[in-house]
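J.: the sequence and its predicted three-dimensional model are supplied below.
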Amino acid sequence: MRKPIVAGNWKMNQDSEAAEALARGVVEAVGGVEAVDVVICPPFTALERVAGVVEGSSVGLGAQTMHWESEGAFTGEVAAGMLLTCGCDYVILGHSERRQHFGETDETVNRRLKAALPAGLAPIVCVGETLEQRQSGVTEDVVRTQVTGGFDGISGDDASKVVLAYEPVWAIGTGETATPEQTEAVHAFIREVLGQLYSDEIGQAVRIQYGGSVKPDNADELFGQANIDGGLIGGASLKADSFAAIVRAAL
Ligand code: PGA
């Protein structure tokens, strides 16, 4: 059985002090939950402080991106080893906002994945189509290309350690949620693609989160779908009580 995973992507919100307070709220509410992997992903600047808060609880810590090189002249970038020493267990890769605004491509997502895995970070790799792509009927092609490009050269063993997040771009931060049926269909399709790239077993083993306007009142129905293994939560992860309610929906 796949263990559900619910991750909070705080994006560019919460200075260190606010992050620490929010992390405390999350730990108080769901810091003892074992049946769901709970992860929070603050901005880089708050990682160390939040690491101190989640220590000793079941809440994991993640970063929102990383560079593929281990050090060097890459102004503004952060390497996997640096994230590990800040206490990170996870890293989000290829979020659609990184793809849209910061030029990330399947190829650079793949490079990051190839650096994160051997470093021992658990990657959460995001894929998903834009509204235009959905309307022109190419959702499956887009997602297939993203998964195939992202996993290029990754062994089956490593692939099964990756968490995928299916996030239709048109549902992120818009209040528009993909229906549970639309989402379930894409999740099942992603398993098929992984099955073709690796094996049915790996296709069934990889955890696939849904992301895009998940709220306490729609989480139950989404997480109730057979192929949805939790969620990547943006806006609703910025309040401990709504994030905790979403975590409970995955129990
Ligand atoms: P949202 O963001 O929950 O605010 O739609 C999700 C995400 O971008 O990961």
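T.: In hand now; what should we look at?

J.: can you name the residue of the protein nearest the ligand?
T.: Nearest to the ligand in the chain, going by C-beta to the nearest ligand atom, is residue 234, at a distance of 2.2 Å. Backbone N, C-alpha and C define where each C-beta goes, glycine included.

J.: and for that residue, nearest residue in space, chain neighbours not counted?
T.: Leaving aside its sequence neighbours, residue 234 sits nearest to residue 9 (C-beta to C-beta, 6 or more residues apart in numbering; 5.2 Å).

J.: surely the one you found touches residue 92?
T.: Yes. Judged on C-beta atoms under 8 Å, residue 9 makes contact with residue 92 at a distance of 6.2 Å.

J.: list residues touching both of those two?
T.: Common contacts of residue 9 and residue 92 (C-beta atoms under 8 Å, 6 or more residues apart in numbering): 41, 64, 232.

J.: intersect those with the contacts of the ligand.
T.: When the shared contacts of residue 9 and residue 92 are checked against the ligand using C-beta under 6 Å from any ligand atom, the ones in range are residue 232.

J.: show me the contacts for residue 146.
T.: Applying C-beta under 8 Å, 6+ apart to residue 146 gives the contacts 94, 106, 109, 127, 128.

J.: what kind of secondary structure is it in?
T.: Using DSSP: H, G, I helix; E, B strand; the rest coil as the criterion, the local structure at residue 146 reads helix.

J.: give me the neighbour count for residue 174.
T.: By the measure other C-beta atoms under 10 Å, the count of residues near residue 174 is 13.

J.: tell me the pLDDT of it.
T.: The model reports residue 174 with a pLDDT of 90.

J.: spatially nearest residue to it (excluding sequence neighbours)?
T.: Using C-beta to C-beta, 6+ apart and skipping residues adjacent in sequence, the residue nearest residue 174 is residue 213, 6.2 Å away.

J.: doesn't residue 237 make contact with that neighbour?
T.: No. With contacts defined as C-beta under 8 Å, residue 213 does not count as touching residue 237, sitting 11.9 Å away.

J.: settle it for me: which of these two has more neighbours?
T.: Neighbours around residue 213 and residue 237, counted as other C-beta under 10 Å, are more numerous at residue 237. The numbers are 27 against 20.

J.: these two touch, right, the more buried one and residue 11?
T.: No. Taking C-beta under 8 Å as the definition, residue 237 is not a contact partner of residue 11, at 9.1 Å.

J.: pull up the per-residue confidence for residue 15.
T.: pLDDT recorded at residue 15 is 98.

J.: distance-wise, check it relative to residue 213.
T.: Between residue 15 and residue 213 the distance is 25 Å, computed by C-beta to C-beta, to the nearest Å.
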